[in-house]
Each structure stands twice: as C-alpha cells, then as structure tokens.
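Engineer: Sequence first, predicted model second:
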There are 2 protein chains.
Amino acid sequence: MHSKELLSVIAIHGGAGTMSRASIDAGQDVAYHAALQAILLAGQALLARGGSALDAVSLAVDMFEDCPLFNAGHGAVFTHDATHELDAAIMDGATLRAGAVACVSRVRRPLRAARAVMERSEHVLLVGAGAEAFAQACGLELVAPDYFSTAARREQLQRALTLDATLLDHDASALVFATPASSRPPLDEERKFGTVGAVALDAHGNLAAATSTGGMTNKRVGRVGDSPLIGAGTYADNRTAAISCTGTGEMFIRAVAAYDICARMAYAGLSLDAAAQEVVMKVLPAIGGRGGLIAVDARGNLSLPFNTEGMYRGHARVGETPQTAIFA
Amino acid sequence: MHSKELLSVIAIHGGAGTMSRASIDAGQDVAYHAALQAILLAGQALLARGGSALDAVSLAVDMFEDCPLFNAGHGAVFTHDATHELDAAIMDGATLRAGAVACVSRVRRPLRAARAVMERSEHVLLVGAGAEAFAQACGLELVAPDYFSTAARREQLQRALTLDATLLDHDASALVFATPASSRPPLDEERKFGTVGAVALDAHGNLAAATSTGGMTNKRVGRVGDSPLIGAGTYADNRTAAISCTGTGEMFIRAVAAYDICARMAYAGLSLDAAAQEVVMKVLPAIGGRGGLIAVDARGNLSLPFNTEGMYRGHARVGETPQTAIFA
C-alpha cells in the first residue's frame, strides 16, 4: 500500500443469479473462471503499464462483449420479438463525464459506442437508430443483428416464449430444460440477471465504471433497464466510488442504486462496503430488488455484494494474483 | 397548518432560461401567467377534493402537453431531422413506483404513457417504437407526428439549422430573429430549457412528481435528456421530497440532480430548500449545468430554485390563491 501502483485495481462482474441445479457437477464453472481470469489479467496489465481506469474498464467490457458466455455483445439474449437490443454505459470519475447507448442492435461493441457518446458528443444518452447512426459516424463497427445470436440464447427464448413470461419473474423450476445438465453453466441462465461490468482505480487515482447488457430474455421491445442509466446501474466519482450493477433493473432504477452508494459515502460518512451492503442487502430487497454490484473507492477498497446465490465476479490488484468467484 | 388539507400543495414549472430582449415590453408575459394559473387551479381543485398527488401531477402535465406555449406535447420542439421525440416520467413517492417513456413521436400525451408503464407493466422505461406499441395496447391516443408541430417551433428549428448548432450551447445573441420583438415570449426561446413538470403533496401525505419534454431544438435524433430518467430529472419519495427538473439535461444526469436532493435530506439532514439550493446553485454550476427545479417535501415545504434568469413556475396550496412567476 506504499506505492501508488499497488493501489491500482480492477473488479469485474458477469451477472448475478441463482445456482444452477447442474452446478454441483464438477467442471461446469471452469470456462467461467477462465474467462473472468483472462479479462482480469488484461485489465491488470493495462493498469500496471500506467493505463487509465477508463481504458481498463473499456477493455474489460470489450472482452465480455466478445465472449458468448455472458449476456452482452455476442451472446446477448433475445427480446420477445427474437431481436437483440443492447445497452451500455461508461463514466469517468475524474470529470463526471458519462456516455451511454440503449436499444442498439447493430453496434458490435456497445460500450465503445457509449464511450464515443461521452467523448465525441455533447450528450450522455443516445438510443436506437440515432445511437447507431452516431456510432457509424464515429467509425465504429456495425454488424448484422444476428451477429449477437447464439444457439444457446435462442433456445432460452424458445423456453421463455413457451412459458409466455419474462424470465425475470417466473419460477424457473417450472422450466423444461433441453440442455443436458452436464453442460449447463454454474448460474441458472433462466434466473440470471445478465449484465457485465467493470470498475477500476488507476495509478493516477482516477476511478471509472462501465456496464453492458443484452437485457432480459423475452423482454418487451424498447425496455431499458438500469445498465445504461447513469446513477442507476453505473456511476463513478473520484470523491466516492465507481460502481457497476447487475440485477432486476427496474428496482435498481427506482432505488438509484449506484449513485445511492456514493451519496451514503459522501453525506452519511459510510465506508464503501457499509454503503454497498446497505443498498444491496436492505434497500433493494425492500422493493423486491435482486442482484449485486461491484464497487471500488478512491483508496482501492473493494466491495462486491450480491443478494442472490451467486455472481460471476473477480478482481485483480496490480502485482497480485487475480481472484475469481461465482458463489458466496 | 393544523388541517391536513391545508398541507396539500402543487407546484409546476414550464422551463427555465434567459430573459428575452422583448420581456421588458409590457404584456408579453400575460399568456404565460394565464396558462400557469389555469393549470394550478385545476391541480388545486383536484387536491381539494381529496385527489391524489399522482392524479394532480398527471393532470397538470396533461394540460402543459396540450398547451402550445410550452415544449411538451403539442408545441414540442423539432429535432435536427425535423421530427419530434418526446420524453416523460412519473414517480409515486408512496411506493417508489415509476414509469417513463423516451423518444416517442406518436403518443399524444407522453405523460399518460409514462403512467401506463408504471401502472400496467413490470418496467420503468420504454423507448421508441416499443413504447408506442405499449401505449397503443393500453388504449392511449396515438396521433400523426405532425400533431406536435407548430409554426413557431418550425421557425426555431430553421434558425437553429442556419447556425448549425444545438440551441443549448450557442450564443443566442448571434441569432437573427424573424419574430417581431413585440410577440416574443418572456423567456428567450432560443436559450430556454423547455421542459414542463409538476410536484404535489396530497391530503394523504403522499408525494408525486412528473416531467415531460420535447427535448432541445435541433437535437440529435435519439438523444435522451434528464426528464425521463428516474433520479436525474424526476424523483419522488415520501420520506424526503418530490422533484421535477428543467435545464441542461446532460448535466442533471451526471449530477443525478433530483435524487441528490433526496439523498442530502436523508443522509446529511438538510432541509428541502437547503438541499435544493445546494444542487442548483453549487453542484450543477460546477459542471456547467444551468436550469432549475421544483420540489416539495412531505410537510408541504416548497423550493423552486433556478440558476438562470427566469423559470416559468407557480404553486397553489389548497385554500390559498395560486402564485405564478417568471423572473427572480
């Protein structure tokens, strides 16, 4: 803790949810731990080179978006209409600048579009075709909408359509699984809040947060959750903390969950962990909110609370071995 | 202050901005005061009958949306592409339920769509065509997009396009005015942050807030400001306050302006007015944020601060004469 570099840290999440019935089978979690490790190592190396927190969270979310295991970018879930609508946000704790996109279906890397909104427009949030036109004008890669599709996600939609309910609210025990138990992921995909995110503190003392998601399987077209909303699913302020959330988005919006942690630190004098625990374990459950979040403060303290059975997560301090975990 | 009914109060705003050069001409403000008065009288009567804060703010914003003087509903400004994109949000302080729509162009009364999202969906925010389909399914009135257009707004867009800049950021003194000074509104339309909103406390002790806007003249298609974002432009919590904002939306988003007032009351023990003044006069100006807001707390205290030259505003307590004002 004496060298500034030692303080640099990145934390990531790949969604929170309920333990899969297959999760007791050994080996199901290997791919998830490996993906989290790879992302942490890349972010850690960037920070070790003196890179910025903004670049570290951008890189981490880029990698999540490219990985089909997680519900962001390639591997995003399907809407009710069998389309994809992706949301992303980024915030710079040093300047309070922020950028976000929502309901984009042709931008390969939604987080890069969010960063372009922050850095190359006077706006914070662009949605739909307007956001895509802006991304294109910025030279970002557009793809055919089926770029995001995977067979596993399509199967999830089919199961959800059969039940005619959004996966967020029904009882997964009623689901008929087509996928053999031996190949199921550790967190139950039918009851997982699929979001990815990263927070970081760099050697310059700056904080940043980024979040990206494909939303909920079978969601109503046009629905926007907390991920791209500054203050709800994403927030960063050097004076307090950087936060990225995952869970029942509507409840995180109503609780202004990410910013509420910063407010409790700034106005009530709470520590990062006390503030994060209060929001995740009390405020959100009081209105039915389930999920978790990752948070880092300006001293490099971390808090990764969740009120579900598990959350894909990890952190890496510069100079230390990255740590990954799924369950409590 | 002894009767519960006496506490009932509604406050409204029709946008904040800079004094028009024509505003010294007597009579220019008559139409604005009259419109504000009519809205306050209707809201006051509803509250006097024991109506809810939710119904009072809904009625007030309905009336604003129908009035072409204000930038919401009929009379909304044009985007860069000469279209209209309307945003609205509502929040119930008793339950923390909230609903919002953004980028709708065919819903006659966007605030009613926001309320339908709150009451008839499991979501908080719906955008674009998905929001319109939901509104239609709820039986709300859809209109041709040109329903919202007025000659005055089209003229504003033409002036803005000539300058090739969003009106938010340019120097209005460079504008060539086609409208004769004698018919200009009291606040300079070229430098006004066009939003309408209402907050109320009802006889049951419940708070509510609602906001609606047509955005900024010449804005990029797909841009969403603070108005429909819960915590940024709109928030209500019976434990603290109900707030509706108007101003440079991006700065209100970055500051999480509406919720920040509630947080300062809850965690720092500030009064409503102290919290609102802090946000409007210090936090927002520090990041270049201009505008104002209206706020009411659970005891019926009001605060209507703005850091611009004026804000169309007013309030009415049950049993008292409504008060309207434009300048400081």
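Structural biologist: Sure, I can see it. Residues are numbered from 1 along each chain as shown, chains lettered A, B, ... in the order given.

Engineer: Bridging across strands, which residues link to the spatially most central residue of chain A?
Structural biologist: With distances taken as Cα atoms, centre = their mean, the residue of chain A nearest its centroid is A:Val196 (2.5 Å). A:Val196 has these beta-bridge partners by DSSP bridges: A:Ser212.

Engineer: give the contact list for it.
Structural biologist: A:12-15, A:61, A:64-65, A:70-72, A:211-213, A:246 (Cβ atoms under 8 Å, 6 or more residues apart in numbering or on different chains). For the C-beta atoms, the positions are set from N, CA and C on the backbone; glycine is no exception.

Engineer: PyMOL command for the buried members of those residues?
Structural biologist: Remark: buried members of these, expressed as a PyMOL selection using 16 or more other Cβ atoms under 10 Å in any protein chain shown:
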select buried, chain A and resi 12+13+14+15+61+64+65+70+71+72+211+212+213+246
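
Engineer: and the residue of the stretch 201-328 of chain A nearest chain B?
Structural biologist: In the stretch 201-328 of chain A, the residue that lies nearest chain B is A:Gly222 (1.8 Å; Cβ to the nearest Cβ).

Engineer: The residue nearest to that residue when sequence neighbours are not counted: helix or strand, and which one exactly?
Structural biologist: Nearest non-adjacent residue to A:Gly222, counting by Cβ to Cβ, 6 or more residues apart in numbering or on different chains: B:Gly130, 1.8 Å away. Assigned by DSSP states H and E, B:Gly130 falls within helix B:128-137.

Engineer: Same check on A:Gly205?
Structural biologist: Going by DSSP H and E, A:Gly205 is not in any helix or strand.

Engineer: neighbours of it, just the number please.
Structural biologist: Residues contacting A:Gly205 under the criterion other Cβ atoms under 10 Å in any protein chain shown number 16.

Engineer: how close does it get to A:Gly93?
Structural biologist: 9 Å (Cβ to Cβ, to the nearest Å).

Engineer: Same question for A:Val221.
Structural biologist: With distances taken as Cβ to Cβ, A:Val221 is found 33 Å from A:Gly93.

Engineer: The two: which is more packed in?
Structural biologist: Set side by side, A:Val221 and A:Gly93 show more neighbours around A:Gly93, with 31 against 19, by other Cβ under 10 Å.

Engineer: list the contacts for that one?
Structural biologist: Here A:Gly93 is in contact with A:53, A:206-209, A:236-238, A:242, A:298 (criterion: Cβ under 8 Å, 6+ apart).

Engineer: need the contact list for the residue nearest to A:Gly222.
Structural biologist: So, once contact is read as Cβ under 8 Å, 6+ apart, B:Gly130 ends up touching A:103, A:220-223.

Engineer: Run through the residues that contact A:His84.
Structural biologist: A:His84 makes contacts with A:76-78, A:105, A:145, A:148-149, A:214, as judged by Cβ under 8 Å, 6+ apart.

Engineer: Mind doing that once more with 10 Å?
Structural biologist: A:73-78, A:103-106, A:145-149, A:153, A:214-215 (Cβ atoms under 10 Å, 6 or more residues apart in numbering or on different chains).

Engineer: and what of A:Ile12?
Structural biologist: A:35-36, A:39-40, A:43, A:56-57, A:60-61, A:63-64, A:196-200, A:210, A:244, A:294, A:304, A:312-316, A:322, A:324.

Engineer: give me that answer again for 7 Å
Structural biologist: With contact set as Cβ atoms under 7 Å, 6 or more residues apart in numbering or on different chains, A:Ile12 has these partners: A:36, A:39-40, A:60, A:197-198, A:294, A:313-314.

Engineer: repeat for A:Thr234
Structural biologist: With Cβ under 7 Å, 6+ apart, A:Thr234 has these contacts: A:89, A:91, A:209-211, A:227, A:244, A:258.

Engineer: residues of whatever helix or strand comes next after the helix holding B:Gly130 that come out buried?
Structural biologist: Per DSSP H and E, the first helix or strand lying C-terminal to helix B:128-137 is helix B:151-163. Buried residues in helix B:151-163, counting neighbours by 16+ other Cβ under 10 Å, are found at B:152-153, B:156-157, B:159-160, B:163.

Engineer: Give me the buried subset of the contacts of A:His84.
Structural biologist: Looks like the contacts of A:His84 have A:73-78, A:103-106, A:148-149, A:153, A:214-215 buried, using 16+ other Cβ under 10 Å.

Engineer: Need the nearest residue in space to A:Gly51, chain neighbours excluded.
Structural biologist: A:Asp202 is the one closest to A:Gly51 (Cβ to Cβ, 6+ apart), at 6.8 Å.

Engineer: If I look at the one you found, what pLDDT would I see?
Structural biologist: Note on A:Asp202: pLDDT of 98.

Engineer: The one 5 residues further on now?
Structural biologist: Taken from the predicted model, the pLDDT recorded for A:Leu207 is 98.

Engineer: before we move on, back to that, identify the residues contacting the residue nearest to A:Gly51.
Structural biologist: Residues in contact with A:Asp202 (Cβ under 7 Å, 6+ apart) are A:8, A:47, A:51-53, A:56.
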